[in-house]
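Student: Coordinates only, no sequence provided:
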């Protein structure tokens, strides 16, 4: 990273577009210790309030700043977003041309998102949704053994080997799964995987997989990456899990593949439109588990994100490389 701090004639202001109640006095003191002499503005609307002169002094921003508000900060040199994905760059390409460093909270919630994905996979293999339904009706329903599936020994394909996908691959291997992967740079190490292909290899790898997990970022190249053709190439009876970005999946094509019986089930935490429209066919499918994008939720997430910001602030002031730096042209 360029030494942005050296460009400023005097220290610029720090803006945190977050709930002030979520920031402790110790955290504020730590910011002041790391970056002394800087004005600190905190508030959910801090990116919208203040005069033009005040906004012109903002050098560092963090939290939940709307893209158009970022563009209204002429002195911005670094933005630490409080979430992992940077799909907003697709709709705001002018931000990619601006000279500021962009960092994400990637990895903060990787463990719980992987646990969520595994929850879908295990529940669908062991027919837990059907058990919950029978329990509510007080029915002792015991399907024949052939209606169940054993996960061990099966093949799982993980599309996207970032923080989430890489962790899932390692845990999948520990569960005696044969793990395949798809990533933009297949030559990079991927512990736990037997074989990794590039995006162009997806259709060739899909027929081998009993479980397919989408953990991909959303970019112009990955929009509806899981298309009708992709679902048709999946093994009959396979299950599909989506915990990356909803716009990577063609939901109509997925619903059709489920309705036809070609796919046995799906676990979905992210959607193209959120909330998921009430007329989506996915709502009424017994073989589908839906959760409203809560896969990354856990106590302590805000504290971990603030710890990442403080570490990156220290690095920024010292002119050192930032963690979780996003390539704004690629979108991740």
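Tutor: In hand now; what should we look at? Note that the structure is predicted; figures quoted are calculated from it, not measured.

Student: so where do the strands sit in this protein?
Tutor: 13-17, 40-42, 58-63, 78-81, 101-103, 155-159, 178-182, 195-197, 211-214, 238-242, 263-268, 288-290 (DSSP state E).

Student: Tell me the spacing between residue 299 and residue 235.
Tutor: According to CB to CB, to the nearest Å, residue 299 stands 38 Å off from residue 235. The C-beta positions use only the backbone N, C-alpha and C, and glycine is treated the same way.

Student: Please state the offset of stretch 22-30 from the chain centre?
Tutor: 27 Å (CA atoms, centre = their mean, to the nearest Å).

Student: Would you mind listing the buried residues in it?
Tutor: In terms of neighbour count (16 or more other CB atoms under 10 Å), stretch 22-30 has its buried residues at 22-23, 27, 30.

Student: Over to stretch 104-119?
Tutor: Under the neighbour-count criterion of 16+ other CB under 10 Å, stretch 104-119 has 104-110, 112-114, 116-119 buried.

Student: quick one, what contacts residue 79?
Tutor: Residue 79 makes contact with 60-62, 65, 70, 100-103, according to CB atoms under 8 Å, 6 or more residues apart in numbering.

Student: quick one on the thing from earlier: can you pick out the residue with more neighbours from residue 299 and residue 235?
Tutor: It is residue 235, of residue 299 and residue 235, that has more neighbours when counted by other CB atoms under 10 Å, with 19 against 6.

Student: Could you report the neighbour count for the closest residue to that one other than its chain neighbours?
Tutor: Excluding the flanking residues, the one nearest residue 235 by CB to CB, 6 or more residues apart in numbering is residue 207, at 5.7 Å. Residues near residue 207, counting by other CB under 10 Å, number 13.

Student: and the spatially most central residue of the chain, what is it in contact with?
Tutor: When CA atoms, centre = their mean is applied to the chain, the residue found nearest the centroid is residue 244 (4.7 Å). By CB under 8 Å, 6+ apart, residue 244 lies in contact with 159-160, 164-165, 214-218, 270.

Student: cool, residue 66 as well?
Tutor: Here residue 66 is in contact with 47-48 (CB under 8 Å, 6+ apart).

Student: From residue 98, how far off is it?
Tutor: Distance from residue 66 to residue 98, by CB to CB: 14 Å.

Student: same question, residue 29
Tutor: Distance from residue 29 to residue 98, by CB to CB: 31 Å.

Student: Using the record's domain definitions, break this structure down for me.
Tutor: Using automatic domain parsing, the domain ranges for the chain come out as 4-108+299-318, 110-290.

Student: and the ones you listed, which one is worst for confidence?
Tutor: Ranked by mean pLDDT, the domains of the chain bottom out at domain 4-108+299-318, with a mean of 93.

Student: so how far is that domain off the chain centroid?
Tutor: The chain centroid and the centroid of domain 4-108+299-318 are separated by 20 Å, computed with CA atoms, centre = their mean.

Student: which of the contacts of residue 79 has the most neighbours?
Tutor: Highest neighbour count within the contacts of residue 79: residue 60, with 30 neighbours (other CB under 10 Å).

Student: That one against residue 75, yeah?
Tutor: No - using CB atoms under 8 Å, residue 60 and residue 75 do not qualify as a contacting pair, with a distance of 9.6 Å.

Student: and the residue lying farthest from the centre of the chain, how far is that from residue 177?
Tutor: Centroid-distance maximum for the chain: residue 140 at 38.9 Å, with CA atoms, centre = their mean. Taking CB to CB as the measure, residue 140 falls 32 Å from residue 177.

Student: swap in residue 111?
Tutor: Taking CB to CB as the measure, residue 111 falls 18 Å from residue 177.

Student: Tell me, how many residues neighbour residue 71?
Tutor: The tally of other residues near residue 71 (other CB under 10 Å) stands at 13.

Student: again but with residue 198, I slipped
Tutor: 12.

Student: That one touches residue 184, doesn't it?
Tutor: Yes - counting by CB under 8 Å, residue 198 touches residue 184, with 6.8 Å between them.

Student: sorry, back to before: farthest pair within the buried residues of stretch 22-30?
Tutor: The span of these, defined through CB to CB, is set by 22 and 30 at 14.6 Å.
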